[in-house]
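Asker: below: sequence and its predicted model.
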Amino acid sequence: MEDIRVIKSKKQYKEYTNRLIKLWEKPTDKNENERELLELLIDDWERNNLKSKDVDPIELIKFLMENHNLERKDMMKILGINKGTLSKILSYKKGLSKEIIRSLSEHFKVAQEAFNRAYPLKLEENKGHKNEKMMNTRKEQEAA
């Protein structure tokens with residue numbers, strides 16, 4: 001196990017997530033402690049840097065995809081959805097279901113609350129109307 005320290009930068013976060021992914025590709029008893037330590041450090045960094053109220057769930061998904069070197073096909077497999085559904089989600093045309101939120105939370109080890117926030121949806125049938133954007137959550141839709 002190399003010298004592992006508290007994560008202090010986005011670059012270091014990326015390095016550690018890539019390292020953890022490689023360790024999980026071939027898990028052994030020998031690298032178990034390193035995996036656990038990296039998971040704790042990554043979780044701590046994400047908890048302190050990704051739970052900002054300013055980050056909407058879609059931007060968070062895009063950030064996590066980039067930092068975990070995931071392509072759309074990987075996300076389709078992780079979430080159990082097709083290309084069209086993923087495209088609609090990432091372009092703000094479809095909200096996140098409870099199942100997708102659970103899958104994201106479980107896969108990225110990020111609290112469900114980070115994905116379960118209201119954000120504007122761009123729905124085609126609302127184009128030109130007073131309330132052109134709708135919110136992701138039912139409460140927000142009713143309030144709009």
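Answerer: Cool, got the structure. Residues are numbered from 1 along each chain as shown.

Asker: pull the longest helix from this structure.
Answerer: Longest among the helix segments of the chain by residue count, using DSSP state H, is helix 32-49.

Asker: which strands or helices does the helix or strand just after that helix pack on?
Answerer: Next along the chain after helix 32-49, taking DSSP states H and E as the criterion, comes helix 57-67. Contact partners of helix 57-67 among helices and strands, from 3 or more C-beta pairs under 8 Å, 6 or more residues apart in numbering; DSSP states H and E: helix 10-25, helix 72-79, helix 83-90, helix 98-108. The way it works is simple: take the backbone N, C-alpha and C, and place the C-beta from them, glycine included.

Asker: which residues are in contact with Asp29?
Answerer: By C-beta atoms under 8 Å, 6 or more residues apart in numbering, the contact set of Asp29 is empty.

Asker: please apply the same query to Lys109.
Answerer: So Lys109 contacts 39, 42-43, 46 (C-beta under 8 Å, 6+ apart).
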